[in-house]
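[1] only geometry, no sequence info:
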């Protein structure tokens, strides 16, 4: 189990956590947890508009290099959203697939990879065999489950992948924790880096991991 920042090239932007916290209501949180149009594309909710812009290409390249993936390697993205990471993996010669809980997000995916995307929940990957994939990734998905669900998803990711990489929202300091709590609108498991590592170990996770820190 290795901490590795494979998202180093993800575009950095300054987040106004105070303003989001002031505008955040329970109805907005509840709506975000349906993972529909509001979550991805409505102003004032979560992504506030999520469209393809190539931001994942350098990250996909780094993941391929880090895991020494050969053309045709089988990859699963758990929590794939609109499938843009799957799209970039396929364009890089990989046999990539995605799974997401959002019917809306999948309907917005690039048409040429839509048949590679499954509607489903990270809690249950029973449609896939043990070690079916050379690599399973899950970027900012697991923390959207409650702790029991996060544990189950981690075990499933471990089961179906020969290698795995997970990122979750987390924090190392009190200031980072405060900023994260101000920002999140769909996260249900909020834990420190140390607590996540402890949870990974408890569930027998031997893959790699990193953090989205606000």
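    That came through fine. Predicted model only: the values in this text are computed from it and were never measured.

[2] and residue 201, how many residues sit next to it?
    Per other Cβ atoms under 10 Å, the neighbour tally for residue 201 reads 11. Placement of C-beta: from N, CA and C, glycine included.

[3] also residue 67?
    Other residues close to residue 67 by other Cβ under 10 Å number 18.

[4] now do the contacts for it.
    By Cβ atoms under 8 Å, 6 or more residues apart in numbering, the contact list for residue 67 reads 73, 134, 135, 163.

[5] try it again with 7 Å
    Residues in contact with residue 67 (Cβ atoms under 7 Å, 6 or more residues apart in numbering) are 135, 163.

[6] going along the chain, name the strands of the chain.
    2-3, 74-78, 95-100, 117-119, 135-139, 164-169, 208-212 (DSSP state E).

[7] out of those strands, deepest packed?
    For the strands of the chain, average neighbour numbers computed from mean count of other Cβ atoms under 10 Å are highest in strand 135-139, which has a mean of 26.

[8] residue closest to the middle of this structure?
    By Cα atoms, centre = their mean, the chain has its centre lying nearest to residue 139, at 2.2 Å.

[9] tell me how far that residue lies from residue 157.
    Going from residue 139 to residue 157 by Cβ to Cβ, to the nearest Å gives 12 Å.

[10] swap in residue 197?
    Separation of residue 197 from residue 157 (Cβ to Cβ) stands at 16 Å.

[11] pick out whichever of the two has more residues nearby.
    Using other Cβ under 10 Å, the more surrounded residue of residue 197 and residue 157 is residue 157, with 25 against 16.

[12] how close does the closest residue to residue 49 other than its chain neighbours get to residue 31?
    Leaving out its chain neighbours, the residue that sits closest to residue 49 by Cβ to Cβ, 6 or more residues apart in numbering is residue 41, at 5.3 Å. Using Cβ to Cβ, residue 41 is found at 12 Å from residue 31.

[13] now residue 52
    Distance of residue 52 to residue 31, given as Cβ to Cβ: 24 Å.

[14] ok, those two, which is more surrounded?
    Between residue 52 and residue 31, counted using other Cβ under 10 Å, the more crowded position is residue 31 (19 against 14).

[15] about what we covered before: list the contacts of the residue nearest to the centre of the chain.
    Residue 139 makes contacts with 79, 167, as judged by Cβ under 7 Å, 6+ apart.

[16] now find how far off-centre the lengthiest helix in the chain is within its chain.
    In the chain, taking DSSP state H as the definition, the longest helix is helix 147-160. Averaging C-alpha positions (Cα atoms, centre = their mean, to the nearest Å) puts helix 147-160 13 Å from its chain's average.

[17] residue 212 against residue 167, yeah?
    Yes - Residue 212 is within contact range of residue 167, at 5.7 Å (criterion: Cβ atoms under 7 Å).

[18] overlap in contacts of these two?
    Here residue 212 and residue 167 have residue 140 as joint contacts, going by Cβ under 7 Å, 6+ apart.

[19] next, count neighbours for the spatially closest residue to residue 17 that is not a sequence neighbour.
    Once flanking residues are discounted, residue 17 sits nearest to residue 182: 3.8 Å by Cβ to Cβ, 6+ apart. As a burial measure, residue 182 scores 17 neighbours (other Cβ under 10 Å).

[20] then residue 115?
    The number of residues near residue 115, taken as other Cβ under 10 Å, comes to 9.

[21] I appreciate the help and will end here.
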